[in-house]
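> Here is the input, now give the coordinates:
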Amino acid sequence: MPREERGDPRGPSRPTHATPPAHTERSEEPPIAENPSLRHLLDRVVLVEERVRRAVAARRQTDPNPDDAFRGLYLTDETVDRLLRTPHLPAAPDRTDAVRHADAEAQADTAEPPTSLRRLTTALGLTDLDVEILLIALLPDLDARFESFYGYLNDDVTRRRPSIGLALELCGLSPADASARARLGAGAPLLSGDLLLVEDPDRPFLGRALRVPDRVTAHLLGDDTPDPRVADLLTPARPVPGAGDAAPLARALAAEIHLAYLREDQGGAGPALAATALAGAGRPALALDLARLARDPAPADAVRTAVREARLTGAGLVCAPVDALDRDRERAALLRQLTDVPVPVVLVGRTPWDAAWSTRPPLLLRAPRVEPTARAALWQDAYGLDVPDGIDVPDLLAPFLLTPEQITRAARSAAQNTVLDGAGLRPEHVRRGARAQNSAGLDLLARRIEPAVGWDDLVLPPDTLTQLKELTARARHRDRVLGEWGMRPGGARGRGVVALFAGDSGTGKTMSAEVIAADLGLDLYTVDLSTVIDKYVGETEKNLERIFSEAAGVNGVLLFDEADAIFGKRSEVKDAHDRYANVESAYLLQRMESFDGLAVLATNLRANLDDAFTRRLDLVIDFPVPDPVQRLALWHRCLAPLLTGTDDLDLAFCADAFELAGGNIRSVAVTAAYLTAEAGSPLTMRQLIHAVQREYQKLGRLTLASEFGPYVDLLVS
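Numbers count the residues shown, from 1 in each chain. Model prediction:
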């Protein structure tokens with residue numbers, strides 16, 4: 001009876017049930033018949049449906065107030081009759097519960113692969129009672145009629161999910177059965193595995209509602225789309241050939257050793273090795289991005305959801321990079337949470353393992369870099385098109401330390417660049433795609449220079465040029481020499497290449513570093529000393545550590561200009577200042593040894609560098625002041641844009657008379673260009689002598705008549 005007919009002051013009632021589905025007979029649609037997981041689930045659910053139907057019918061027969069005037073507030077008798085007449089969910093022909101239960105379980109046991117419900121039952125150690133309770137809670141999500149049934153059985157139309165007391169009743173158990181109640185405690189598999197949620201915590205225990213999370217329902221129905229809560233944190237991790245020998249880790253994971261830590265260097269294949277090992281142990285892999293997790297507003301909740309995702313799919317978690325969490329106590333607590341979960345977890349990071357991260361001892365392994373041949377295969381697989389003849393991808397990628405994921409992205413970036421240029425693949429496309437994988441952190445600490453010069457732009461003595469090319473060869477082949485051949489023993493030594501460029505200002509040190517970067521296809525990062533030097537004790541070391549740490553995520557050439565300012569000699573300790581200065585130098589000695597990148601130290605005062613640095617250097621290259629022949633070449637190169645239309649320039653005299661370094665000659669050329677632009681006529685000898693005079697004044701040198709010879713009259717008085 002509607003409320004308005006009963007005079008109920010609350011007004012008209014809303015419908016208390018959904019329109020029943022139009023089932024007429026058992027469904028034999030191919031999707032259900034061909035899906036063992038869904039078939040098994042529905043066979044089990046229909047047994048629970050029978051229990052609910054019997055409970056509703058029994059409640060109606062024993063209802064002490066069948067003529068209650070307010071019965072319509074809950075459910076009318078006609079509504080209950082109509083719901084009970086609605087046909088069952090699709091199921092097998094009618095048999096007794098015991099026989100049908102045994103038949104459903106027998107089919108589930110022989111299904112290959114195992115059904116979703118059977119696999120969850122085994123993986124989480126669920127009992128038959130656990131499964132029955134899960135299915136009772138699941139029914140309203142499969143058929144809207146059960147919202148009305150549960151409202152009727154709860155004697156409250158607003159409570160449309162089963163309560164704990166009702167679930168126990170439907171299972172034929174006493175609400176005072178301690179062992180049955182324990183299956184719904186906080187540590188029970190259903191709740192600890194996040195398969196079931198107990199709501200209304202303020203109610204008495206038996207009155208609390210049970211609900212199955214949407215993600216669990218979707219999984220049982222065959223949909224394994226990741227939970228939106230962690231969709232941005234989790235990505236499938238695929239095995240990568242050439243990521244290293246994964247067989248030992250695979251054996252360990254198969255033997256129920258569920259915690260491992262892979263320590264990797266820059267360009268390491270830790271996640272790929274972990275995914276390969278999990279595949280060898282018969283498990284898929286889910287990669288959890290710890291850098292994004294650290295920024296999540298509720299990371300602990302995200303970890304629980306990620307673990308449930310792994311349990312639902314039978315996967316292992318590959319968690320990287322650990323370094324993103326090892327920064328403060330709150331984030332370290334997340335590591336402890338990750339290492340104490342009931343799924344295989346492989347952590348990947350660059351920092352040493354800390355015993356405080358876990359109460360369980362992990363399996364400690366080293367993750368190698370991807371071998372050069374495997375890099376080329378990964379790149380080609382991601383690029384997807386034929387590579388033109390003459391483009392050696394392994395050689396172009398050799399200077400870069402890239403992870404498998406970065407190699408894949410680099411290949412796709414190269415493909416996009418070919419479309420942008422409207423041409424076929426060129427070496428620059430390969431290098432540009434690789435450079436695009438650099439992180440941006442180092443840009444805040446150093447000035448990035450995109451190389452725009454090449455070997456032809458250098459004017460240096462033959463031996464200096466030879467040494468520079470030897471330096472590029474070291475950077476290009478370090479993985480083979482230091483990695484495959486093991487030519488640098490010692491665990492503390494990195495695979496970095498460190499060179500010292502020594503020479504007067506303007507002799508080409510910075511330009512040479514730029515040429516090397518261009519030859520390798522890398523960017524050049526010039527360290528700004530103003531961001532490094534700090535008057536407070538210990539801060540300079542911290543700033544340098546930030547630079548080296550950020551450089552570890554960048555494929556580039558790191559240039560320390562005026563290096564003697566921070567790499568100076570240690571001295572005898574006479575006061576506290578000397579002691580801390582020596583600590584700073586000692587730190588740098590250790591840090592340079594473990595550096596994995598390419599670093600160039602440039603100095604005007606080689607004698608000021610500590611001797612211990614020299615031993616750790618791979619090359620020391622001297623840049624002498626150019627001789628007359630080299631100066632003549634520099635004059636021609638620097639003035640090339642201005643030489644058209646003029647024939648009265650005596651560049652041979654300039655090269656012989658003016659002992660200037662290459663940087664000074666370039667400065668003279670720029671000044672002469674401005675003078676020419678102002679005059680609006682071709683460059684003359686007067687303008688060139690004027691520019692030399694200004695450079696001498698800038699350098700604080702005297703303009704001697706003997707030095708300017710026949711052109712002394714052109715000097716500006």
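
> Centroid-nearest residue for this structure?
When C-alpha atoms, centre = their mean is applied to the chain, the residue found nearest the centroid is residue 289 (5.4 Å).

> Tell me how many other residues surround the nearest residue in space to it that is not next to it in sequence.
Residue nearest to residue 289 in three dimensions, not counting chain neighbours: residue 233, with 5.5 Å by C-beta to C-beta, 6 or more residues apart in numbering. C-beta here means a position set from N, CA and C on the backbone, and glycine is covered the same way. By other C-beta atoms under 10 Å, 24 other residues sit near residue 233.

> Just to check, residue 233 is in contact with residue 294?
No - checked against C-beta atoms under 8 Å, the pair residue 233 and residue 294 is beyond contact range at 10.4 Å.

> quick one: common contacting residues for the two?
The overlap between the contact sets of residue 233 and residue 294 (C-beta atoms under 8 Å, 6 or more residues apart in numbering) is empty.

> Sketch out the low-pLDDT regions of the stretch 51-200 of the chain for me.
Across the stretch 51-200 of the chain, the ranges flagged by pLDDT under 70 are 62-77, 79-80, 82-113.

> Strands of that one, residue ranges please.
197-198 (DSSP state E, counting those that start in this stretch).

> Walk me through the domains of this structure.
3-220, 234-367, 372-437, 455-623, 628-714 (automatic domain parsing).

> for the record, mean pLDDT for the fourth one?
Per-residue confidence for domain 455-623 averages out to 80 on the pLDDT scale.

> what's the answer for the last one, then?
Per-residue pLDDT values across domain 628-714 average out to 92.

> First-to-last residue distance for that domain?
End-to-end distance for domain 628-714, by C-alpha to C-alpha, to the nearest Å: 22 Å.

> Pull the distance from stretch 551-566 to the chain's centre.
24 Å (C-alpha atoms, centre = their mean, to the nearest Å).

> Okay, buried residues for that stretch please.
551-561, 563-564, 566 (16 or more other C-beta atoms under 10 Å).

> Out of those, which is nearest to residue 47?
residue 553 (56.3 Å; C-beta to C-beta).

> Tell me the helices and strands packed up against the biggest helix by length in the chain.
Longest helix of the chain, by residue count under DSSP state H: helix 36-62. Under the contact criterion of 3 or more C-beta pairs under 8 Å, 6 or more residues apart in numbering; DSSP states H and E, helix 36-62 touches helix 30-33, helix 77-85, helix 97-110, helix 116-124, helix 128-142, helix 145-153, helix 164-170.

> orientation of that helix relative to helix 145-153 in degrees?
30 degrees (axes from the mean of the first three to the mean of the last three C-alpha atoms, to 10 degrees).

> What are the buried residues along helix 36-62?
Buried, per 16+ other C-beta under 10 Å, within helix 36-62: 36-49, 51-52, 55-56.

> relative to helix 128-142, how tilted is that helix?
90 degrees.

> Look up how far residue 350 lies from the closest residue in space to residue 290 that isn't next to it in sequence.
Of all residues not flanking residue 290 in the chain, residue 324 sits nearest, at 4.6 Å (C-beta to C-beta, 6+ apart). Residue 324 is 11 Å from residue 350, where distance means C-beta to C-beta, to the nearest Å.

> likewise residue 259?
From residue 259 to residue 350 the distance is 18 Å (C-beta to C-beta).

> Residue 679 now?
59 Å.

> can you check residue 237 too?
18 Å.

> These two: which is more packed in?
residue 237 (26 against 20).

> In contact with the closest residue to residue 177 other than its chain neighbours, which residues are there?
Distances taken as C-beta to C-beta, 6+ apart place residue 168 nearest to residue 177, at 7.0 Å, with adjacent residues excluded. Neighbouring residues of residue 168 by C-beta under 8 Å, 6+ apart: 174, 175, 177, 180, 181, 206.

> Filter the residues you listed down to the buried ones.
Buried among the contacts of residue 168 (16+ other C-beta under 10 Å): 180, 181, 206.

> give me every residue that touches the last one.
Spelled out, that is residue 206. 163, 164, 165, 168, 175.

> before we move on, what about the first one?
With contacts defined as C-beta under 8 Å, 6+ apart, the neighbours of residue 180 are 129, 168, 171, 173, 174.

> Any chance of CSV for the contacts of residue 168, columns distance to residue 363?
Formatted as CSV, the contacts of residue 168 follow (distance: C-beta to C-beta, whole Å):
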residue, distance to residue 363
174, 47
175, 46
177, 42
180, 39
181, 39
206, 45
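
> Just these: which are in helices?
Going by DSSP H, the helices hold 180, 181 from the contacts of residue 168.

> tell me which of the contacts of residue 168 is nearest to residue 121?
The closest of the contacts of residue 168, once distances to residue 121 are taken by C-beta to C-beta, is residue 180, at 17.7 Å.

> right, and the domains of the chain - which one's nearest residue 443?
domain 455-623 (8.0 Å).

> Could you work out the end-to-end span of the closest one for me?
OK, domain 455-623 end separation, C-alpha to C-alpha: 15 Å.

> now the strands: where do they sit in this protein?
Using DSSP state E, the strands of the chain run over residues 197-198, 210-211, 234-236, 259-264, 285-289, 316-320, 345-349, 363-367, 446-449, 497-503, 523-527, 556-560, 598-603, 619-623.

> Adding distance to residue 513, write those out as TSV.
Shown next, in TSV, are the strands of the chain (distance: least, C-beta to C-beta, whole Å):
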stretch	distance to residue 513
strand 197-198	60
strand 210-211	63
strand 234-236	37
strand 259-264	28
strand 285-289	34
strand 316-320	32
strand 345-349	31
strand 363-367	31
strand 446-449	9
strand 497-503	7
strand 523-527	6
strand 556-560	5
strand 598-603	5
strand 619-623	10
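
> Quick one, which of the ones you listed gets closest to residue 133.
Where the strands of the chain are weighed against each other on C-beta to C-beta, the nearest is strand 210-211, at 7.1 Å.

> chain center to the closest one, what's the gap?
With C-alpha atoms, centre = their mean, you get 36 Å for strand 210-211.

> What about residue 366, how many residues nearby?
Neighbour number of residue 366 under other C-beta under 10 Å is 14.

> try the one 5 residues further on
By the other C-beta under 10 Å criterion, the neighbourhood of residue 371 contains 18 residues.

> Got the phi and psi for it?
Dihedral pair for residue 371: phi -70, psi 150, per degrees, to the nearest 10.

> in stretch 213-226, what counts as buried?
213, 215, 216, 217, 219, 220, 221, 226.

> now do stretch 474-492
474, 475, 476, 477, 478, 479, 482, 483.

> Likewise for stretch 695-713?
Result for stretch 695-713 [16+ other C-beta under 10 Å]: buried residues 695, 696, 708, 711.

> The first one and residue 671 touch, don't they?
Yes - counting by C-beta under 8 Å, residue 695 does reach residue 671; the two are 6.9 Å apart.

> which residues sit against stretch 710-717?
Under C-beta under 8 Å, 6+ apart, the answer for stretch 710-717 is 650, 653, 685, 686, 689, 690, 693, 703, 705, 708.

> and the fifth one, how many residues sit next to it?
Pointing back at residue 689 there. 24.

> surely it meets residue 703?
No - in terms of C-beta under 8 Å, residue 689 does not count as a neighbour of residue 703; the distance is 9.6 Å.

> Pretty sure residue 556 is one of the things residue 600 touches, is it not?
No - the criterion here is C-beta under 8 Å, and residue 600 misses it with residue 556 at 10.9 Å.

> Report the separation between residue 168 and residue 158.
Residue 168 is 21 Å from residue 158, by C-beta to C-beta.
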